[in-house]
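Participant: got a predicted structure here, sequence first:
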Amino acid sequence: MSSIMPNFRPSGRSERREEMVLYECPLWTLLYPMSNVTTMASAISDAVDDGDSLYLAGFTHLIPFAAGHEIIRAGYDDLELVRATPDLVYDQLIAAGCVSKVTFSWAGNPGVGSLRAFRRAVEADVPNPIEIEEYTHYGMVAALHAGAANLPFMPVRTFAGSDLVDHNDAIRTVSSPYGDDEIPVVPPIEPDVAIVSAQRSDEDGNAHLWGIPGEQKEAALAADTVICCVEELCSTETIRSDPNRTIFTADAVDHVVEVPYGAHPSYAQGYYDRDNEAYLEWEEVSKSHDDVQEWLDEWVYGVENRREYLEKLGAKRLLDLEVDSRYATAIDMGDY
């Protein structure tokens, strides 16, 4: 029924027949007539174009490395990368020559040091020059919130006295309608594509996330197109059993990709731990642009997809990232 509903027209049939079809067809099939599940390669191909602005979300965990590697393999260029706290995946995209601009707050290899490929692009135009637009963490989230809420700007009083105002023309001031002071404001951030991650979702894109949510929800609501990467697919009944854990809903999601270990070397709360060794390895590899290219040849271009990447990592390394179980205390939602 769902396959014919989008094109259904009564055309000479009785209005009663139309009412019966609508009544007999479950409401969710009218809203979401088909599964949004696809492969990573198809999702990236359908959603991303050269010159797009991309937001690869995730704060400490659930960072969509698999999606970033697919973008590199596909050979995109002139991309604007947007993100609070860009880390290794953005360094890799920059080193691959995919990027012409980065809009960001703090950037670095967490717990290790600088993003060396990012620095080379800014300081020495290697492999190509990039433009930067810098905010504070809160400034970025406020700008995302403005984009998600379709607001023309968002006030951020904490920019008062900051020298970022002198270096970022997008941070401006407005007169307070309730007083005489001038309030710094940021423009809305509205990415062409947001790539967000969660632990699980149903086939429509209703997704559960636990652990640190970061700015994932705001990024999804602010973007034109959303790819949701999950560790596993589950039933809609599982999602509905715990509605407060649902951070994305199907109306915001365009593509769902099931990609186990898709956030490696970052972690997925409850699924696997952070691969600290990988972050230390990148510190050494990224010291040289040539070494970075060799790494990309081996770990990105040299594998066809995430499955081959995991096979290359090996079972022992993945087993070392296993986490012990610690279940939340059960609650009674009540049957209403």
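Facilitator: Good, I have the coordinates.
Participant: could you pull out the strands in the stretch 101-250 of the chain for me?
Facilitator: Here the stretch 101-250 of the chain has its strands, by DSSP state E, counting those that start in this stretch, at 131-134, 154-155, 172-175, 182-186, 193-201, 207-208, 225-233, 246-248.
Participant: what's near enough to touch the nearest residue to residue 147 once chain neighbours are set aside?
Facilitator: Nearest residue to residue 147, sequence neighbours excluded (Cβ to Cβ, 6 or more residues apart in numbering): residue 222, at 3.3 Å. Bear in mind the C-beta positions are built from the backbone N, C-alpha and C, glycine included. Residue 222 sits next to 55, 144-145, 147-148, 188-191, 194 when contact means Cβ atoms under 8 Å, 6 or more residues apart in numbering.
Participant: go on, residue 254?
Facilitator: 36, 47, 205, 225-227.
Participant: let's see if you can find the most crowded of these.
Facilitator: Highest neighbour count within the contacts of residue 254, by other Cβ atoms under 10 Å: residue 227, with 30 neighbours.
Participant: verify the stated contact: residue 127 with residue 118.
Facilitator: No - counting by Cβ atoms under 8 Å, residue 127 does not reach residue 118; the two are 11.8 Å apart.
Participant: who has more neighbours out of these two?
Facilitator: Higher neighbour count among residue 127 and residue 118: residue 118, with 26 against 18, using other Cβ under 10 Å.
Participant: now do the contacts for the more buried one.
Facilitator: Counted by Cβ under 8 Å, 6+ apart, residue 118 has contacts 86, 90-91, 94, 102, 107.
Participant: 7 Å instead?
Facilitator: For residue 118, the residues meeting the contact criterion (Cβ atoms under 7 Å, 6 or more residues apart in numbering) are 90-91, 94, 107.
Participant: of all those, which two lie farthest apart?
Facilitator: Pairwise distances across the contacts of residue 118 peak at 10.1 Å for 94 and 107 (criterion: Cβ to Cβ).
Participant: higher neighbour count, these two?
Facilitator: The residue with more neighbours, out of residue 94 and residue 107, is residue 94; 28 against 20, by other Cβ under 10 Å.
Participant: please report phi then psi for the more buried one.
Facilitator: phi -70, psi -50 (degrees, to the nearest 10).
Participant: that one contacts residue 119, correct?
Facilitator: No - Residue 94 lies out of contact with residue 119 (Cβ atoms under 7 Å); the separation is 9.6 Å.
Participant: can you list the domains in the chain?
Facilitator: 40-137+190-320, 152-186 (automatic domain parsing).
Participant: any idea which of these is most buried?
Facilitator: Mean neighbour count (mean count of other Cβ atoms under 10 Å) peaks for domain 40-137+190-320 among the domains of the chain, with a mean of 19.
Participant: now do that domain: distance to the chain's middle.
Facilitator: Relative to the centre of its chain, domain 40-137+190-320 is centred 6 Å away, using Cα atoms, centre = their mean, to the nearest Å.
Participant: report pLDDT for residue 308.
Facilitator: According to the prediction, residue 308 has pLDDT 98.
Participant: do the same with residue 179
Facilitator: Note for residue 179: predicted pLDDT of 89.
Participant: quick one: end-to-end distance for stretch 195-212.
Facilitator: End-to-end distance of stretch 195-212 (Cα to Cα, to the nearest Å): 16 Å.
Participant: would you format the contacts of residue 118 as a markdown table with distance to residue 160 included?
Facilitator: Listed next are these as a markdown table, based on distance: Cβ to Cβ, whole Å:
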| residue | distance to residue 160 |
| --- | --- |
| 90 | 29 |
| 91 | 32 |
| 94 | 32 |
| 107 | 24 |
